[in-house]
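> predicted coordinates and the sequence they were generated for:
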Amino acid sequence: MTDIPPSPTPPEHQPPALRDLAERARGYAEAASSANTRKAYASDWKHFAGWCRREGLDALAPSPQVIGLYITACASGARSVGGRKNAVSTIERRLSALVWAYTQRGLALGRRDRHIATVLAGIRNTHASPPRQKEAVLPENLLAMLETCDRGTLRGLRDRAMLLVGFAGGLRRSEVTGLDAGRGQTEDGRGWVEVLPDGLLVTLRGKTGWREVEIGRGSSAATCPVEALETWMKLARISTGPLFRRVTGRGKEVGPMRLNDREIARLVKRTALQAGLRGDLPEKDRPALFAGHSLRAGLASSAEVDERHVQKQLGHASAEMTRRYQRRRDRFRVNLTKAAGL
């Protein structure tokens, strides 16, 4: 991260062996978090360092009092931070970024410090609101979205495969685009697929380690994620390397480059709008309703199986997290009012 302050010991003053170890250690440290997380943390450090510079403060000194003033400025939308109020979730991420940045430099900043914790608790109590959830793409929605993908082009076949695999696997957008056609094929891959007689076995590297996701074959060839993926791989001639790649030449040529995970969000938005989802709302309001998480929420909301299976598929550590993804469920199946005799 180029925006984090440099190490106190310049590399030129270190023995060659230590310089090599330091470089390797830096690589391992970066591998501990995703590229998106590191990018966000770099942006947050830059934001904090800029605020310190404008206020005449030292960004390299991890002072709880300074951090308290900074998050207060973010919450109140002070001019020194751009005049825009940050959401509580953004402030918490910025705080995590600062803790991480100081830790990388061997400096200590505790989030649980009494001063920081008290100010943050006050910000939560004053400004926190329920999270704005994206619309779930339910099975009937997905079918309509698939019809907008041109089966006569490689781009259309790829998009169909991504939508179906993302939905049936309950995968995050980075997990979809991070897949390889086989095990250990690329350095930037986040997992791979194996096509088995009964379905796909997807092996993923997540925040807490490796996990396996099973995607069974569908009841119809037109909506089967396995069939869609096999068709894409065959016609795109993909047997090694990134699974989902850029398509050029008016949708007829497949390049070597892996898709950026933001393409999943764009795909979901585009096909949802083209399929007429939430047509009851003004057109300008509809794009913000859909994102990559709409596929995960759709599986969680529509799979009529024991909740434990959905939790495992989505890779959640708790059932409570899985329930946050369920947009359509019988909320009043257990009526404690009647059960209590009222």
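Structure's in. What do you need? Numbering: from 1, shown residues only.
> what comes up buried for the helix or strand containing residue 71?
When secondary structure is defined using DSSP states H and E, the element that contains residue 71 is helix 64-76. Taking 16 or more other C-beta atoms under 10 Å as the basis for neighbour counts, the residues of helix 64-76 that come out buried are 64, 66, 67, 68, 69, 70, 71, 72, 73, 74, 75. For glycine as for every other residue, the C-beta is placed from the backbone atoms N, C-alpha and C.
> can you list contacts of it?
Defining contact as C-beta atoms under 8 Å, 6 or more residues apart in numbering, one finds that helix 64-76 is touched by 48, 51-52, 55, 57, 78, 80-81, 85-86, 88, 90-91, 94-95, 98, 109-110, 113-116, 119-120, 123, 126-127.
> restricted to buried residues, select those in ChimeraX.
Selecting only the buried entries of those in ChimeraX, with 16+ other C-beta under 10 Å as the criterion:
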select :48,51,52,57,78,81,86,88,91,94,95,98,109,113,116,119,120,123
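> now, which of the contacts of helix 64-76 lie within helices?
Judged by DSSP state H, helices contain the following of these: 48, 51-52, 55, 88, 90-91, 94-95, 98, 114-116, 119-120, 123, 126-127.
> surely residue 301 touches residue 137?
No - between residue 301 and residue 137 there is no contact, the gap being 9.1 Å when judged by C-beta atoms under 8 Å.
> compare the two (neighbour count), which wins?
Neighbours per residue (other C-beta atoms under 10 Å) separate residue 301 from residue 137, with residue 137 holding more: 30 against 17.
> and the more buried one, helix, strand or coil?
coil (DSSP: H, G, I helix; E, B strand; the rest coil).
> which residue sits closest to it, ignoring its sequence neighbours?
Once its chain neighbours are removed from consideration, residue 137 has its nearest residue in residue 298; the separation is 3.9 Å (C-beta to C-beta, 6 or more residues apart in numbering).
> tell me if I'm right that that neighbour and residue 134 touch.
No - between residue 298 and residue 134 no contact is recorded; they are 9.9 Å apart, counting by C-beta under 8 Å.
> of these two, who's got more company?
Looking at residue 298 and residue 134 with other C-beta under 10 Å, you find the greater number of neighbours at residue 298, namely 27 against 21.
> distance of residue 83 from residue 34?
Look at residue 83 and residue 34: by C-beta to C-beta, to the nearest Å, they are 30 Å apart.
> same question, residue 122
As for residue 122, its distance to residue 34 is 31 Å (criterion: C-beta to C-beta).
> those two: which is more packed in?
Neighbours were tallied for residue 122 and for residue 34 using other C-beta under 10 Å; the higher tally belongs to residue 34 (18 against 14).
> so who does the more buried one touch?
When contacts are counted by C-beta under 8 Å, 6+ apart, residue 34 is found next to residue 174.
> pLDDT weak spots in the stretch 51-200 of the chain?
Low-confidence segments of the stretch 51-200 of the chain, defined by pLDDT under 70, span residues 131.
> quick one on the thing from earlier: and the helix holding residue 71 with helix 114-127, angle?
For the pair helix 64-76 and helix 114-127, the angle between their directions (axes from the mean of the first three to the mean of the last three C-alpha atoms, to 10 degrees) equals 10 degrees.
> alpha carbons of helix 64-76, as PDB, please.
Extracted in PDB, the C-alpha atoms of helix 64-76 (Å, rounded to 0.1, in the frame of the first residue of the first chain):
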ATOM      1  CA  PRO A  64      -6.900   8.000  20.500                       C
ATOM      2  CA  GLN A  65      -7.800  11.600  21.000                       C
ATOM      3  CA  VAL A  66      -6.900  12.500  17.400                       C
ATOM      4  CA  ILE A  67      -8.800   9.400  16.200                       C
ATOM      5  CA  GLY A  68     -11.800  10.500  18.200                       C
ATOM      6  CA  LEU A  69     -11.700  14.000  16.600                       C
ATOM      7  CA  TYR A  70     -11.400  12.400  13.100                       C
ATOM      8  CA  ILE A  71     -14.400  10.100  13.400                       C
ATOM      9  CA  THR A  72     -16.400  13.000  14.800                       C
ATOM     10  CA  ALA A  73     -15.500  15.100  11.800                       C
ATOM     11  CA  CYS A  74     -16.500  12.200   9.500                       C
ATOM     12  CA  ALA A  75     -19.900  11.800  11.300                       C
ATOM     13  CA  SER A  76     -20.700  15.500  11.400                       C
END
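> sec struct for residue 215, please.
If you use three-state DSSP, then residue 215 falls in the strand class.
> just residue 257 next, same as before
On the three-state scheme (three-state DSSP), residue 257 is labelled strand.
> these two touch, right, it and residue 244?
No - counting by C-beta under 8 Å, residue 257 stays clear of residue 244, with 10.3 Å between them.
> thinking again about what came up before, tabulate the buried residues of helix 64-76 (TSV), appending distance to residue 201.
What follows is those, written out as TSV (distance: C-beta to C-beta, whole Å):
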residue	distance to residue 201
64	48
66	50
67	45
68	49
69	51
70	46
71	44
72	49
73	49
74	44
75	46
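> out of those, which is nearest to residue 224?
residue 74 (47.4 Å; C-beta to C-beta).
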